[in-house]
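Colleague: Would you be able to build a 3D model of this:
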Amino acid sequence: MKRNPRKVRWTKAFRKAAGKEMTIDSTIEFEKRRNVPVRYDRDLMQTTIKAMKRVGEIKSRRERAFFKNRMAVSREKQRAHRKKSLEAVKSSVKLHEPVIVESPTSTKISEKIKVSAKSRSALVPGEGRSMGMDID
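Modeller: Below you'll find the predicted structure:
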């Protein structure tokens, strides 16, 4: 089944068309394939790898800023929605002040409970109640 990539939500084309992903950025130009063979040079490879790391850092920082700007609008909408729903709840529910009941004996009573020494575990050997079998 053929589908239009701009209408299928998981494609890059949809994300770019809907404004969910960066489309115009100089770091995207670095990721394009270059089908020109280059003779191996150790220094060139080292500088290329360093540049790739640096471009990755820059791109991640820009994506974070892009995402924050995109979410700022939804954050404002969410705040307005929360405020509106809170106002609706406040108008429909009437809260009463809690009543504090003080008892005349507000002191704590502490009691010590004595536990007999015979209430040991049945798994302790040599108590007469051991779980093992006696061998003659």
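
Colleague: So which elements touch the lengthiest helix in the chain?
Modeller: Ranked by number of residues, the top helix in the chain under DSSP state H is helix 42-92. Here helix 42-92 is seen to pack against helix 26-30 when contacts are counted using 3 or more CB pairs under 8 Å, 6 or more residues apart in numbering; DSSP states H and E. Glycine gets a C-beta too; all of them are placed from N, C-alpha and C.

Colleague: So which residues make contact with the helix it packs on?
Modeller: Met22, Ala51, Met52, Val55, Ile58, Lys59, Arg62 (CB atoms under 8 Å, 6 or more residues apart in numbering).

Colleague: Output those residues in TSV; the columns should cover pLDDT, neighbour count and distance to Val89.
Modeller: Shown next, in TSV, are those (pLDDT from 0 to 100; neighbours: other CB atoms under 10 Å; distance: CB to CB, whole Å):
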residue	pLDDT	neighbour count	distance to Val89
Met22	83	16	40
Ala51	91	11	55
Met52	91	12	53
Val55	91	16	50
Ile58	93	14	46
Lys59	91	17	44
Arg62	92	14	40
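
Colleague: Show the low-confidence segments of the chain, by residue range.
Modeller: 103-109, 115-136 (pLDDT under 70).

Colleague: again, only using 80
Modeller: Applying pLDDT under 80 to the chain flags residues 31-33, 93-96, 101-136.

Colleague: Tabulate the contacts of helix 26-30 in TSV, adding columns for distance to Gln78.
Modeller: TSV is the format used below for those (distance: CB to CB, whole Å):
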residue	distance to Gln78
Met22	23
Ala51	40
Met52	37
Val55	34
Ile58	30
Lys59	28
Arg62	24
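
Colleague: Find the pair from these with maximum spatial separation.
Modeller: Distances among these were taken as CB to CB; the most separated pair is Met22 and Ala51, at 19.3 Å.
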